[in-house]
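> structure, please.
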Amino acid sequence: MVDADVPVDIGCIKVFRAENFPESGPSPWLDQPDAQEIITRRVARREITPRQAEICRSWEEHGYYVLRGAIDAETIDEAWAPTRRRSPGAM
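Residues are numbered from 1 along each chain as shown. Here you go, the predicted structure:
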């Protein structure tokens, strides 16, 4: 269990969005303002590979990373099949 640094009165919050809550707890190093420098240092220390650094830089710049090929095409087709049956012209 993690305790928040700042107590929150849930009853006063109308919309449960991140910006309506105080900053609390540690944030991931890739979300730090000096993330690019941290990536460079970690590569230099061989804590991460150049390929991992490339992924980290993409995450830091865009806020996401697309891992191509992580899910095979057949699984994706199977997942989308019900949607295609309901809306054949939509895909």
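> drop to CA atoms for contacts and neighbour counts, all remaining ones
OK.
> who's in contact with stretch 19-39?
Residues outside stretch 19-39 that contact it (C-alpha atoms under 8 Å, 6 or more residues apart in numbering) are 4-6, 8, 13, 53, 56-57, 59-60.
> need the residue closest to the centroid of the chain.
With distances taken as C-alpha atoms, centre = their mean, residue 64 lies nearest the centre of the chain, 5.2 Å away.
> for burial, what's the neighbour tally of residue 59?
15 (other C-alpha atoms under 10 Å).
> who's in contact with the closest residue to it other than its chain neighbours?
Counting by C-alpha to C-alpha, 6 or more residues apart in numbering, residue 59 lies nearest to residue 65, which is 5.3 Å off, once chain neighbours are set aside. Going by C-alpha under 8 Å, 6+ apart, residue 65 touches 55, 58-59.
> at 10 Å what do you get?
55-59 (C-alpha atoms under 10 Å, 6 or more residues apart in numbering).
> pull out the buried members of those.
Burial by neighbour count, judged by 16 or more other C-alpha atoms under 10 Å, picks out 55-57 from the contacts of residue 65.
> and the spatially closest residue to residue 60 that is not a sequence neighbour, how many neighbours does it have?
Nearest residue to residue 60, sequence neighbours excluded (C-alpha to C-alpha, 6+ apart): residue 30, at 5.9 Å. Using other C-alpha under 10 Å, residue 30 has 17 neighbouring residues.
> gap between residue 38 and residue 67?
22 Å (C-alpha to C-alpha, to the nearest Å).
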